[in-house]
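# Can you look at this prediction? I've put the sequence above it.
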Amino acid sequence: MPRAQRQSGDRGTRDRILRHGRQIVTQAGLRGLTVRKLAARAHVNLGTFVYHFGTRDAFITELMEGWYAPLYTRLKLTADEQLAPLARLHRFLLQFASFLVENRPLVRNLILDAFGGERAALKFIRSLAARHPALLFELIRQAQEAGELPAGDPLQAGIFLAGATVLPSIWIGILLPKDFIPAPMRSVVQQLAVAPEQIDKRFAWALDGVAQRPTPVKGKST
């Protein structure tokens, strides 16, 4: 077999294994991903899996990176756009929240895996600290320097802004069991949590909150 044809076949096999791995993680989480189950789903033998990936940990690293890397690339492009820092921050948070909602089954399983102590999930989540969170805090710092946000700890401001915009999408739209919310209210609450226009609205409210300067509480006269 010509080398180019063999390499194309190898690439096709590798992509098929990754595709089925994504399906398993989306359906059952990393806890449901075993090499034997994956090999059977992708119609390859264990030797083929080892040839392409070596170990389960190495496979999961490549799988999760392939899922996350396109988002990180988009967020970096947004962070570098020729716009005011606050406008870039707005787009950054909206893109991130939209990505989480679009991938809600996988995100839900990843979070539950991490809470369940799945080592691969914890390793992946910890690897993110120097990536999109760092971009977020830098955008906040730039907005503060431009006078678009009050001076303060970027970490504190980031927690507040992400908590107001992204966290409801994660908690209500992704993690909360569907039957937790009464049926008549379910679709309305879900829509409020995940719709882009609602995330936009929460961002505007959060900016108002960040801009408020605390008023000292006057002590009672004696």
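The structure has been received and is ready for your questions.
# List the buried residues in the helix ranked longest in the chain.
Using DSSP state H, we find that the single longest helix of the chain is helix 3-28. Residues of helix 3-28 classed as buried: Thr13, Arg14, Ile17, Leu18, His20, Gly21, Arg22, Ile24, Val25, Thr26 (neighbour count, 16 or more other C-beta atoms under 10 Å). Glycine gets a C-beta too; all of them are placed from N, C-alpha and C.
# which helices and strands does it pack with?
Other helices and strands packing on helix 3-28, by 3 or more C-beta pairs under 8 Å, 6 or more residues apart in numbering; DSSP states H and E, are helix 35-42, helix 46-53, helix 56-79, helix 104-115.
# Can you pull the domain assignment for this protein?
Per automatic domain parsing, the structural domains of the chain span 9-54, 67-211.
# Columns mean pLDDT on top of the ones you listed, output as a markdown table?
As requested, the domains of the chain are exported to a markdown table (pLDDT from 0 to 100):
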| stretch | mean pLDDT |
| --- | --- |
| domain 9-54 | 95 |
| domain 67-211 | 91 |
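# could the buried residues of helix 3-28 be laid out in a markdown table, adding distance to Val101?
Output for those, formatted as a markdown table (distance: C-beta to C-beta, whole Å):
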| residue | distance to Val101 |
| --- | --- |
| Thr13 | 32 |
| Arg14 | 29 |
| Ile17 | 27 |
| Leu18 | 23 |
| His20 | 24 |
| Gly21 | 22 |
| Arg22 | 17 |
| Ile24 | 21 |
| Val25 | 17 |
| Thr26 | 14 |
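# farthest-separated two in these?
Thr13 and Thr26 (20.6 Å; C-beta to C-beta).
# element containing Val210, please.
helix 196-211 (DSSP states H and E).
# Can you name every helix or strand that that helix contacts?
helix 85-102, helix 154-165.
# most neighbours per residue, which of these?
Across the helices and strands packed on helix 196-211, averaging neighbours per residue (mean count of other C-beta atoms under 10 Å) puts helix 85-102 on top, at a mean of 20.
# How far off centre is it?
With C-alpha atoms, centre = their mean, to the nearest Å as the basis, helix 85-102 stands 11 Å off its chain's centre.
# got a list of contacts for it?
71, 74-75, 78-79, 81, 83, 107, 132, 135-136, 139-140, 142-143, 145-146, 148-149, 161-162, 165-166, 169-170, 173-174, 194, 196, 199-200, 203, 207 (C-beta atoms under 8 Å, 6 or more residues apart in numbering).
# cool, stretch 58-68 as well?
17-18, 21-22, 25, 30, 33, 35, 38, 49, 53, 103, 106, 120, 123-124, 128.
# same question, stretch 177-190
Counting by C-beta under 8 Å, 6+ apart, residues outside stretch 177-190 touching it are Ile172, Gly173.
# can you check stretch 144-163 too?
84-86, 89, 93, 133, 136-138, 140-141, 143, 203, 206-207, 209-211, 213.
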